[in-house]
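**Q** Kindly generate the corresponding structure for this input.
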Amino acid sequence: MGHLDHAALGWLTPVLSYAMACTGAALGLRCTVRALATTGRSRRNWLLTAASAIGTGIWTMHFVAMLGFRVSGTDIRYDVALTLASLLVAMLVVCAGVFAVGYGRDRARALLLGGLTTGIGVASMHYLGMAAVRLHGAVSYDPVRVALSVLIAVAAATAALWAALNIRSPRAVTVASLIMGAAVSSMHYTGMFAVRVRVAPSGETLPGATAMQFIFPLAVGLGSYLFLTSAFVALSPTAGERDASAAARRPVGSTAR
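**A** The predicted model follows:
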């Protein structure tokens, strides 16, 4: 059995990955709140932004944490196609969950369906990302810890969607995003502690790209997207602010006809 180190770079990767998860959750919640206050094309656009933010945050959290993953006795590479597929899965399943909440007439049913779909999708993203790992040896999993990680993912997704429906104030969104970041991180590390590796030393070159060649640049790019989008959302006026601005520009004494 190879010795697994989940934080080879110290606290850097756990802390940074948690920050990415919190940023994605906070931005996604704010965008969902904006979406629920609008209709038509504006609602759709805000929901798409929310889904991309949450999906990006979850994926970036996973692979930033993986930058600190090491196995003694073997190098590690990543299959590029599977890694990109895991990003696509994260985006699509979060989009499905967010749109279920944004357009569902029965909110309780939409919440349960969206939470289950999104949670299973997030877990699928995690294990698809793990399937992209290439090393000299065989990877296996503890089924109990895998099941626990899936349950945590479903609970975290359901809580995030509930928060999107019920939370409005910026302070509450901040608290909810910190809790969501902790939940997503817990899901990741629970899944990682389920991993078992039986190393088979070999001199053959592993296929795929190293974390620094591929994952690090992509994570930096997606992280930049999160922060730039956060700035855009922060500077965009809310529906209430737009209504107040329109009322202020209306001539005094004018009435609707």
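
**Q** who's in contact with Ala160?
**A** Applying C-beta atoms under 8 Å, 6 or more residues apart in numbering, we find Ala160 in contact with 25, 28-29, 54, 118, 176, 180. No exception for glycine: its C-beta is placed from N, CA and C like everyone else's.

**Q** Could you list the buried residues of stretch 130-146?
**A** Using 16 or more other C-beta atoms under 10 Å as the test for burial, stretch 130-146 gives 130, 132-137, 146.

**Q** what does stretch 183-199 give?
**A** By neighbour count on 16+ other C-beta under 10 Å, the buried set for stretch 183-199 is 183-192, 194-195, 197, 199.

**Q** try stretch 62-78
**A** 62-71, 74, 76-78.

**Q** Need the distance between the two termini of that stretch.
**A** Stretch 62-78 has an end-to-end distance of 13 Å (C-alpha to C-alpha, to the nearest Å).

**Q** what residue ranges in the protein score low on pLDDT?
**A** Applying pLDDT under 70 to the chain picks out residues 1-2, 234-235, 237-257.

**Q** swap the cut-off to 80 and go again
**A** 1-2, 104-107, 160-161, 163-173, 202-203, 230-257 (pLDDT under 80).

**Q** for it, what spans make up the strands?
**A** Under the criterion DSSP state E, the chain contains strands at 4-5, 70-71, 76-78, 133-135, 137-141, 195-199.

**Q** So for Ala172, which of those strands sits nearest?
**A** strand 195-199 (35.7 Å; C-beta to C-beta).

**Q** if I look at Gly24, how far off is Ala159?
**A** From Gly24 across to Ala159, the span is 14 Å (C-beta to C-beta, to the nearest Å).

**Q** Looking at those two, which one has more neighbours?
**A** Gly24 (34 against 18; other C-beta atoms under 10 Å).

**Q** My read is that the more buried one contacts His62, right?
**A** No: between Gly24 and His62 there is no contact under C-beta atoms under 8 Å: 11.2 Å.

**Q** got a list of what Val184 touches?
**A** 21, 25, 57-58, 61, 122, 153, 156.

**Q** In this protein, spot the helix with the most residues.
**A** helix 40-66 (DSSP state H).

**Q** In the buried residues of stretch 130-146, find the pair that's most separated.
**A** Taking C-beta to C-beta, no two of these sit farther apart than His136 and Val146, at 23.1 Å.

**Q** residues contacting the residue nearest to Phe69 when sequence neighbours are not counted?
**A** With C-beta to C-beta, 6 or more residues apart in numbering as the criterion, Phe69 has its nearest non-adjacent residue at 6.0 Å, and that residue is His6. For His6, the contacting residues are 65, 68-69, 189, 192-193, by C-beta under 8 Å, 6+ apart.
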